[in-house]
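> next one to model:
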Amino acid sequence: MRLETVQDALNRKNISFTYTDEDGCGSLDFMFRGLSFHVWEYHDDVWGAETNIYEAGRSIDVEGDYEAQISREILSWPEF
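Numbering: from 1, shown residues only. You can find the predicted model right below:
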């Protein structure tokens with residue numbers, strides 16, 4: 001199982017998600033306030049994740065300590 005830090009952040013916010021593992025990379029899909037979000041992990045020379053958590057209509061790549069960055073953003077969202 002991958003993206004455990006992000007999964008923990010989603011669980012702490014009580015956000016249901018779907019987890020998929022493919023080719024050793026984790027993928028999370030979830031809804032928040034009626035919008036669809038994703039975190040799709042990749043490994044192309046470096047580990048990273050494509051996500052739209054910063055802006056629902058636009059995906060960006062996050063590399064480096066991507067799980068911590070993504071988790072911090074999710075934990076900053078208002079309670080629902």
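> from the contact counts, what lies against the top strand by length along the chain?
As assigned by DSSP state E, the longest strand anywhere in the chain is strand 35-44. Applying 3 or more CB pairs under 8 Å, 6 or more residues apart in numbering; DSSP states H and E, we find strand 35-44 packed against strand 25-32, strand 46-51. No exception for glycine: its C-beta is placed from N, CA and C like everyone else's.
> among those strands, which comes closest to R2?
Among the helices and strands packed on strand 35-44, the nearest to R2 by CB to CB is strand 25-32 (3.1 Å).
> distance between the helix ranked longest in the chain and the chain's centre?
Counting residues, the longest helix found in the chain (DSSP state H) is helix 66-76. Counting by CA atoms, centre = their mean, to the nearest Å, helix 66-76 is centred 8 Å from the centre of its parent chain.
> which residues touch the closest residue to E79 other than its chain neighbours?
Nearest non-adjacent residue to E79, counting by CB to CB, 6 or more residues apart in numbering: K13, 7.7 Å away. Taking CB atoms under 8 Å, 6 or more residues apart in numbering, we find K13 in contact with I74, L75, W77, E79, F80.
> so which of those residues is surrounded by the most neighbours?
I74 (21 neighbours; other CB atoms under 10 Å).
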